[in-house]
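In: this one's structure only:
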């Protein structure tokens, strides 16, 4: 079967809802054992994992703050003990993303963005690499954003952190290529999920008009690309990103 992930173990952070949920489900449907991660909303996470198990998926649910080094170490150790060493890593967790003019931001907000989009992928990658290097096979798939390519304003904190994540991913891809480990990126546009429920309809209508394909993206669009990157079929692809926004921008 093309894109089969049978006998692989995947960790998807921030996977109780939104894009992370769909990514985790898709990896499970491709045959991987999947570790779901959450931090704040236990009941929602349990409902998501119950739904995953109802599809026949195999995996586990782990609570951890993925910006905290000790939490990350415990998270990886728990997954290894219950499912096996992690082959596929998808750092997906995200905080709130307020859009403000630069004068209205403070460094605390910038630091939060950096912690989620640079520190967390670093901590997670470092913790998973010993196994990946030993077996000379691994997949690290970072979730970027179209805002990096478009320079969306007023959004400097989020865009700066995503730019840092792109640079981190590209450098890490070069470093790990000799080990058969690929590092790639998914760059989604605005794909409405649960956290966008209260966004102004006028804003949504204006964005939709800018999508050449004339429709909203859905989480499945992102999940399919992640499964490809995770597969053996993508073994010669590294340091790249797939832009998933219906043609609004093009990855460079």
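Out: Perfect, I can see it now. Keep in mind it's a predicted model, so treat the numbers as computed, not measured. Numbers count the residues shown, from 1 in each chain.
In: mind listing what the closest residue to residue 189 other than its chain neighbours touches?
Out: Spatial nearest neighbour of residue 189, chain neighbours left out: residue 245 (2.7 Å); criterion: Cβ to Cβ, 6 or more residues apart in numbering. In this view, the C-beta of every residue, glycine as well, is placed from N, C-alpha and C. By Cβ atoms under 8 Å, 6 or more residues apart in numbering, the contact set of residue 245 is 146, 187-190, 211, 217.
In: any weak-confidence spans in this structure?
Out: Scanning the chain for pLDDT under 70 picks out 1, 196, 251-252.
In: and the residue nearest the centre of it?
Out: A centroid search over the chain (Cα atoms, centre = their mean) returns residue 92, at 2.8 Å, as the residue closest to the centre.
In: excluding chain neighbours, give the residue nearest to residue 221 in space.
Out: residue 244 (5.3 Å).
In: and the residue nearest to residue 100 when sequence neighbours are not counted, how many neighbours does it have?
Out: With sequence-adjacent residues excluded and distances taken as Cβ to Cβ, 6+ apart, residue 100 is closest to residue 154, at 5.9 Å. Residues lying near residue 154 (other Cβ atoms under 10 Å) number 14.
In: and for the one 10 residues further on?
Out: In terms of burial, residue 164 registers 17 neighbours under the definition other Cβ under 10 Å.
In: what helix or strand is it located in?
Out: helix 156-176 (DSSP states H and E).
In: which strands or helices does the next helix or strand after that helix pack on?
Out: Remark: after helix 156-176, the chain's next helix or strand is strand 181-188, criterion DSSP H and E. Applying 3 or more Cβ pairs under 8 Å, 6 or more residues apart in numbering; DSSP states H and E, we find strand 181-188 packed against helix 120-135, strand 138-143, helix 146-150, helix 156-176, helix 219-230, strand 241-244.
In: I appreciate the help and will end here.
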